[in-house]
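Peer 1: show me how the following folds:
(one chain, ligands or ions: 2)
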Amino acid sequence: MAKPKKRYICQACGGVSHRWQGQCPDCAEWNTLVEDAPATVFSMKHDLSSGGRAVQFVDLDKPGPLPTRQPTGLAEFDRALGGGLVPGSAILLGGDPGIGKSTLLLQAAAKIAREGRGVVYVSGEEASGQVRMRAARLGLSDAPVKLASATGVRDILTTLGAMDAPGLLVIDSIQTMHSDTIEGAPGTVSQVRGCAFELIRYAKENGVALVLVGHVTKDGNIAGPRVLEHMVDVVMSFEGERSHQYRILRALKNRFGAVDEIGVFAMAGEGLEEVDNPSMLFLSGRDEPMAGSAVFPAIEGTRPVLVEIQALIVRLQSGATPRRAVVGWDNGRLAMLLAVLESRCGLNFSSAEVYLNVAGGYRLGDPAADLAVAAALVSAMADRPLPPRSVWLGEVSLAGEIRPVAHGGLRLREAAKLGFDRGFGPAHVKGGGDALAYDGLGQLANLVDRIIGNS
Ligand code: TYD
Ligand code: MG
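Peer 2: Numbering: from 1, shown residues only. Ligands and ions are numbered 1, 2, ... in the order given. As a prediction, this is how the structure comes out:
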């Protein structure tokens with residue numbers, strides 16, 4: 001028999017290489033390749049003599065019970081999930097350390113347990129005492145949650161197998177879990193993948209909603225294997241700046257619902273509070289217009305969220321390389337916008353440091369924010385405030401055109417409801433009505449004329 005080929009798996013991205021290298025060819029991380037057990041390949045006959053069993057087919061409209069969603073009781077959590085937990089499904093919840101994942105899950109677990117559904121919360125990171133202390137602080141001590149501090153998947157599944165299947169099983173976190181049938185330390189790709197596989201299988205067989213907490217790496221991916229994202233039904237991320245109060249729960253993948261709704265929470269002394277009207281949260285609340293600040297009407301699912309974008313430009317005297325720092329927006333997109341402003345509008349940022357910040361710890365991913373970012377940059381550059389109570393929307397192309405965006409009319413109507421009276425954006429916006437005074441700019445150069453010129 002041919003010797004099985006060795007393979008090496010990157011512990012950061014899950015990429016596979018056939019020889020050991022210092023740097024992963026997929027994600028360019030250093031010293032992350034680890035030898036994996038060789039894969040065995042069977043060659044099978046395609047009839048029942050191979051020992052396989054026939055698989056049953058069913059029709060799509062086959063009558064029978066469909067799994068029903070179970071609301072968690074935390075409305076913002078349910079909103080992000082698309083209505084609640086689906087029995088027999090697996091959710092991966094990622095987020096920076098300290099952002100509040102354990103707090104969120106403990107609160108949801110307590111809510112569900114108080115309604116009389118079984119909840120098991122397994123913490124591999126904290127001792128039971130620590131979790132109980134947190135529960136006491138949150139006023140949840142009376143909730144009948146079954147709490148355990150364990151890391152062995154075999155022990156956990158043996159225990160679960162001997163009791164009634166719970167409605168919800170929380171594993172905090174998958175990186176701390178360990179299976180004795182798999183080689184490697186906890187947190188390695190093969191351990192994480194193997195433990196997740198066993199837990200997911202248990203959840204599917206027993207109709208349990210499973211939540212796996214996953215750590216994220218410094219560039220924001222769920223640590224270890226990306227394969228985990230394929231194994232689960234829902235991938236959620238819990239985001240925010242630790243120094244700010246607000247947290248956003250977002251579904252990145254959802255086999256049972258839309259991925260555009262977000263849940264908004266505020267971290268307070270007594271845990272996470274739900275924020276059901278987030279529209280004004282990400283504004284600084286100051287009345288005086290300031291140079292370098294522009295408001296973008298974002299839409300998150302069905303809710304409008306007004307977001308303030310702040311830019312600061314510092315001219316450098318020396319020939320040092322200028323810094324570009326971004327919080328809450330994409331670095332590459334900022335570089336692109338600066339390049340378009342330089343080449344299409346004749347502005348010069350080459351000897352200036354550029355800082356861009358999205359207020360309140362919000363992360364913007366919507367390309368419709370381009371124009372608001374450009375407006376903040378030009379306003380900071382010219383040191384002139386933008387018109388008071390104005391909103392800016394539009395995607396900017398490499399040619400410097402301002403392009404229409406999704407839900408343009410809805411964004412303008414919502415901004416008008418919240419007290420804004422001017423809008424700037426692409427030449428035409430459908431459905432904006434006469435909610436506010438609207439100026440179609442068409443080209444980015446028109447924006448520059450308007451702010452720097454005298455029009
Ligand atoms: P935690 O849920 O432990 O984060 P994660 O599991 O994502 O690592 O949250 C930890 C942070 O939340 C901690 O830094 C303090 C803060 N916090 C509060 O501000 N109020 C509270 O009531 C609780 C429980 C935590
Ligand atoms: Mg935690």
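Peer 1: what does the stretch 51-200 of the chain have sitting close to ligand 1?
Peer 2: 95, 97-103, 134, 137-138 (Cβ under 6 Å from any ligand atom). C-betas here are computed from N, CA, C, even on glycine.
Peer 1: now those residues in JSON lines, with neighbour count, secondary structure and pLDDT?
Peer 2: Compiled in JSON lines, these are given as follows (neighbours: other Cβ atoms under 10 Å; DSSP: H, G, I helix; E, B strand; the rest coil; pLDDT from 0 to 100):
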{"residue": "95", "neighbour count": "25", "secondary structure": "strand", "pLDDT": "88"}
{"residue": "97", "neighbour count": "10", "secondary structure": "coil", "pLDDT": "88"}
{"residue": "98", "neighbour count": "10", "secondary structure": "coil", "pLDDT": "90"}
{"residue": "99", "neighbour count": "20", "secondary structure": "coil", "pLDDT": "92"}
{"residue": "100", "neighbour count": "20", "secondary structure": "coil", "pLDDT": "94"}
{"residue": "101", "neighbour count": "26", "secondary structure": "helix", "pLDDT": "95"}
{"residue": "102", "neighbour count": "22", "secondary structure": "helix", "pLDDT": "95"}
{"residue": "103", "neighbour count": "19", "secondary structure": "helix", "pLDDT": "96"}
{"residue": "134", "neighbour count": "17", "secondary structure": "helix", "pLDDT": "94"}
{"residue": "137", "neighbour count": "13", "secondary structure": "helix", "pLDDT": "93"}
{"residue": "138", "neighbour count": "17", "secondary structure": "coil", "pLDDT": "93"}
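Peer 1: tell me which two of the residues you listed sit farthest apart.
Peer 2: Greatest spacing in those, by Cβ to Cβ: 95 and 137 (20.1 Å).
Peer 1: returning to what we had before: closest one of the residues of the stretch 51-200 of the chain next to ligand 1 to residue 366?
Peer 2: Minimum distance to residue 366 across those is 20.4 Å, recorded for residue 95 (Cβ to Cβ).
Peer 1: against residue 52, how distant is the nearest residue to that closest one once chain neighbours are set aside?
Peer 2: Closest residue to residue 95 in three dimensions, ignoring its sequence neighbours and counting by Cβ to Cβ, 6 or more residues apart in numbering: residue 238, at 3.5 Å. Taking Cβ to Cβ, to the nearest Å as the measure, residue 238 falls 42 Å from residue 52.
Peer 1: those two: who's more crowded?
Peer 2: residue 238 (24 against 11; other Cβ atoms under 10 Å).
Peer 1: paired strands for the helix or strand containing the more buried one, with orientation please.
Peer 2: Assigned by DSSP states H and E, residue 238 belongs to strand 234-239. Within its sheet, and counting by DSSP bridges, strand 234-239 is paired with strand 90-95 (parallel), strand 246-254 (antiparallel).
Peer 1: out of those strands, which gets the lowest mean score?
Peer 2: Per-stretch mean pLDDT for the strands paired with strand 234-239 is lowest at strand 246-254 (a mean of 90).
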